[in-house]
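**Q** Compute the structure for the input listed below.
(one chain, ligands or ions: 1)
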Amino acid sequence: MKDQKIIIITAPSGSGKSTLTKLLMAAFPQLAFSISACTRSPRAGETDGVDYHFISVPAFEKAIAAREFIEWEMVYEGKYYGTLKTELNRIWDRRQVPLVDIDVKGALNVQQQYPGHHLSVFIQAPSLSILKERLEKRGTETAETLAERIGKAEYELSFAQEFDHIVVNDDLARASEQLIGIVGDYLNN
Ligand code: 5GP
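**A** Here you go, the predicted structure:
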């Protein structure tokens, strides 16, 4: 545990977090994406075992009972998401640093579990209206799930100060440069 590090990236949905996370992974080969388990269906272009381990609700609940998760949340109504212990260990065993991309509650939970071993970054959209626009453009939500994601984002914004750094994703090039700088400092120290 002594030298183990963990990078936590959190953000309300629609803040551009996945794009920034991909740029970060490309910049640092020592980072490895921690593949969460979840019970939502894959979106177009998503692959099981790459983006998520897409599993059924009964399989997820069995894994909860078997204490296989570092943390788990019902992030949206009926949809479970969780960070698997095996996933973090697999990455540490390869001498890499796990990058976990999780919701705000999960991120607060992981921070508490790894005091002194984490770097946490909150990615913030410039405004709630821009966030709504981005989610609409992505076209993956129904009116109902869009409203749920916006409501959750509003709530999550109030926790931004709990994290080590806040990166406002107003401009992708600027935000990625800032994020790469923050993560580079952490990995090199
Ligand atoms: P999406 O459905 O858009 O892929 O993800 C929805 C939210 O769930 C995002 O905020 C994402 O970061 C979060 N999430 C993904 N994996 C996990 C996880 O393992 N644990 C928790 N708590 N949240 C997660």
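**Q** just how off-centre is stretch 121-135 within its chain?
**A** Averaging C-alpha positions (Cα atoms, centre = their mean, to the nearest Å) puts stretch 121-135 15 Å from its chain's average.
**Q** typo on my end, it should be stretch 80-100
**A** For stretch 80-100, the distance to the chain centre is 12 Å (Cα atoms, centre = their mean).
**Q** ok, which residues in this protein are in contact with the ligand?
**A** Within the chain, the positions adjacent to the ligand are 13, 36, 40, 71, 73, 75, 81-83, 101-103, 106 by Cβ under 6 Å from any ligand atom. C-beta here means a position set from N, CA and C on the backbone, and glycine is covered the same way.
**Q** buried subset of these?
**A** Buried members of the residues of the chain next to the ligand, counted by 16 or more other Cβ atoms under 10 Å: Ser13, Ser36, Glu71, Glu73, Val75, Tyr81, Gly82, Thr83, Asp101, Ile102, Asp103, Gly106.
**Q** from this protein, which residue is nearest to the ligand?
**A** Gly106 (2.3 Å; Cβ to the nearest ligand atom).
**Q** from memory that residue sits against Met74, does it?
**A** No - taking contacts as Cβ atoms under 8 Å, Gly106 lies outside contact range of Met74: 10.8 Å.
**Q** What residues sit buried inside the helix or strand of the chain with the lowest mean pLDDT?
**A** For the chain, counting by mean pLDDT, DSSP states H and E, helix 128-138 ranks last in confidence among helices and strands (a mean of 87). Buried residues in helix 128-138, defined by neighbour count with 16+ other Cβ under 10 Å: Leu131, Lys132, Leu135.
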